[in-house]
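Undergrad: using only what follows, build the 3D model:
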Amino acid sequence: MPTRTSSPPAPPLAALTTLRLGGPARRLVRAGSAEEIVAAVRRVDAAGEPLLVVGGGSNLVVGDAGVEGTVVHLESRGHTVERDGADALVRVEAGQDWDELVAATVDEGLGGLECLSGIPGCAGATPVQNVGAYGVETADLLVDVTVLDRATGEVATVPAAELGLGYRTSRLKGSDREVVLAARFRLTTDGLSAPVRYAELARVLGVEPDTRAPAAAVREAVLELRRGKGMVLDEADHDTWSAGSFFTNPVVAPDVADEVARRVAAADQRPVTAWPTPDGRVKLSAAALIERAGVPRGHPGPDAPVRVSTRHTLALTNRGDGTTAQLLALARDVRDRVERAFGVRLRPEPVLVGCSLD
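TA: Residues are numbered from 1 along each chain as shown. Now for the predicted structure:
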């Protein structure tokens, strides 16, 4: 089936992002299979045109002026399962809706992905960002990815160990050299979840930390928690029109974490949640830093075209008639308040295209 190319000018990219923000591209190509994706990217590269590959648009902020060149929209779908005793190897196409995949694996009696329920976007983006939630990361389950290397034009399989997977990052992030075509995950076949490591989730499930529970029950509990934070997409709910968590949890030196704790205590505020990291540093809760810096939920107010979610301070939301410029102004305001209060500079989690936070 040939790729489908729109007549220029392409429609605004807002329609392809969960923020519903962003101007047009010069051309939009919809690619419905790995072969179509490869063909489209090779054509753009051969023509020397700028390229933007878009999947679910859930981790993407596009400038109001749009982007130069061609956007290739990943619309490949489907997954396969190979069972081998206690394990199952799941291969998924890059354009497959992620939560639909998680739901399907749970329905098929497979465990491992349930804590990643409700995360918007497509499967091909999960290795790029090393997506994680409720104590599970993509890196815990990923076997390998199939990529198109734009420098050579070749398709290759790259083991997970070679992707440089870290906290919300990989060698794929911030680079456009490789385009993910498919990914493989190793899951379990006993219908039980990965060990429940996240304390909040364990409390909801009524289990002890590190216990395995029925994957279906864990999925429902995760969805309940995410809905309560406005983190499950709902077309009718502007509190979910976001890019998810706009800032990553900062990882700082121990003395910086100590200084944050001192400032919080001096202001008679609740402590900022902190976790030790394997390299001896400390990961701080970005949401707590934002709140302690005086940014409430719903900031800057109910009449603002963009504002902090009314349910979660890490989500910056479009109320329906906002612009990317307004969103970035809000992001700068939040970032700068935290830096003034604690000396910690928050970094954006989504990819910014045709715009900048600096």
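Undergrad: biggest helix in this structure by residues?
TA: Looking across the chain with DSSP state H, the single longest helix is helix 324-342.
Undergrad: helices or strands up against that one?
TA: Helix 324-342 sits against strand 60-62, helix 254-266, helix 286-292, strand 306-308, strand 316-318, with contacts defined as 3 or more CB pairs under 8 Å, 6 or more residues apart in numbering; DSSP states H and E. Quick note: C-beta positions are derived from backbone N, CA and C, even for glycine.
Undergrad: which strands and helices sit next to the first one?
TA: For strand 60-62, the contact count by 3+ CB pairs under 8 Å, 6+ apart identifies helix 324-342, strand 351-353 as packing neighbours.
Undergrad: would a markdown table of these with distance to Asn249 and mean pLDDT be doable?
TA: Formatted as a markdown table, the helices and strands packed on strand 60-62 follow (distance: least, CB to CB, whole Å; pLDDT from 0 to 100):
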| stretch | distance to Asn249 | mean pLDDT |
| --- | --- | --- |
| helix 324-342 | 12 | 98 |
| strand 351-353 | 18 | 94 |
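Undergrad: what's the closest of the ones you listed to Ser58?
TA: strand 351-353 (10.5 Å; CB to CB).
Undergrad: counting by contacts, list what the closest one packs against.
TA: Applying 3+ CB pairs under 8 Å, 6+ apart, we find strand 351-353 packed against strand 60-62.
Undergrad: the helix or strand following the strand it packs on: which residues count as buried?
TA: Where DSSP states H and E defines the elements, the next helix or strand beyond strand 60-62 is strand 67-74. By 16 or more other CB atoms under 10 Å, the buried positions in strand 67-74 come out as 67, 70-74.
Undergrad: go on, stretch 344-355?
TA: Along stretch 344-355, these residues count as buried under the neighbour rule (16+ other CB under 10 Å): 344, 346, 348-355.
Undergrad: with just CA atoms, put that stretch into CSV.
TA: Extracted as CSV, the C-alpha positions of stretch 344-355 are listed here (Å, rounded to 0.1, in the frame of the first residue of the first chain):
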residue,chain,number,x,y,z
VAL,A,344,17.3,23.8,41.1
ARG,A,345,16.6,24.3,37.4
LEU,A,346,13.9,22.0,36.0
ARG,A,347,14.3,20.5,32.6
PRO,A,348,11.5,19.9,30.2
GLU,A,349,10.5,16.3,29.5
PRO,A,350,8.7,16.7,26.1
VAL,A,351,10.6,17.3,22.8
LEU,A,352,10.3,20.9,21.7
VAL,A,353,10.2,21.4,17.9
GLY,A,354,10.2,24.9,16.2
CYS,A,355,10.3,26.5,19.7
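Undergrad: going along the chain, name the strands of the stretch 1-150 of the chain.
TA: In the stretch 1-150 of the chain, the strands defined using DSSP state E, counting those that start in this stretch lie at 4-5, 25-31, 51-54, 60-62, 67-74, 79-84, 87-93, 132-133, 136-137, 142-149.
Undergrad: out of those, which comes closest to Glu291?
TA: Of all the strands of the stretch 1-150 of the chain, the one in closest proximity to Glu291, counting by CB to CB, is strand 132-133 (19.8 Å).
Undergrad: check which helices and strands that closest one sits against.
TA: Looks like strand 132-133 contacts no helix or strand (3+ CB pairs under 8 Å, 6+ apart).
Undergrad: what's in contact with it?
TA: Here strand 132-133 makes contact (CB atoms under 8 Å, 6 or more residues apart in numbering) with 115-116, 119, 138-139, 167-168, 222, 226.
Undergrad: quick one: average pLDDT of it?
TA: In this model, strand 132-133 carries a mean pLDDT of 95.
Undergrad: with stretch 88-102 instead?
TA: Stretch 88-102 comes out at a mean pLDDT of 98.
Undergrad: what are the buried residues along it?
TA: Within stretch 88-102, the residues that count as buried by 16+ other CB under 10 Å are 88, 90-99, 101-102.
Undergrad: ok, of those, which one's closest to Pro12?
TA: Looking across those and measuring by CB to CB, the closest to Pro12 is Gly95, at 20.2 Å.
Undergrad: which ones are touching that closest one?
TA: Residues in contact with Gly95, defined by CB under 8 Å, 6+ apart, are 31-32, 37, 55, 74-77, 122-124.
Undergrad: how far away is it from His79?
TA: Taking CB to CB, to the nearest Å as the measure, Gly95 and His79 are separated by 11 Å.
Undergrad: hey, what's in contact with both of the two?
TA: Common contacts of Gly95 and His79, defined by CB under 8 Å, 6+ apart, comprise Ala123.
Undergrad: could you dump the helices and strands packed on strand 60-62 to JSON lines with distance to Arg43?
TA: Output for those, formatted as JSON lines (distance: least, CB to CB, whole Å):
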{"stretch": "helix 324-342", "distance to Arg43": "28"}
{"stretch": "strand 351-353", "distance to Arg43": "20"}
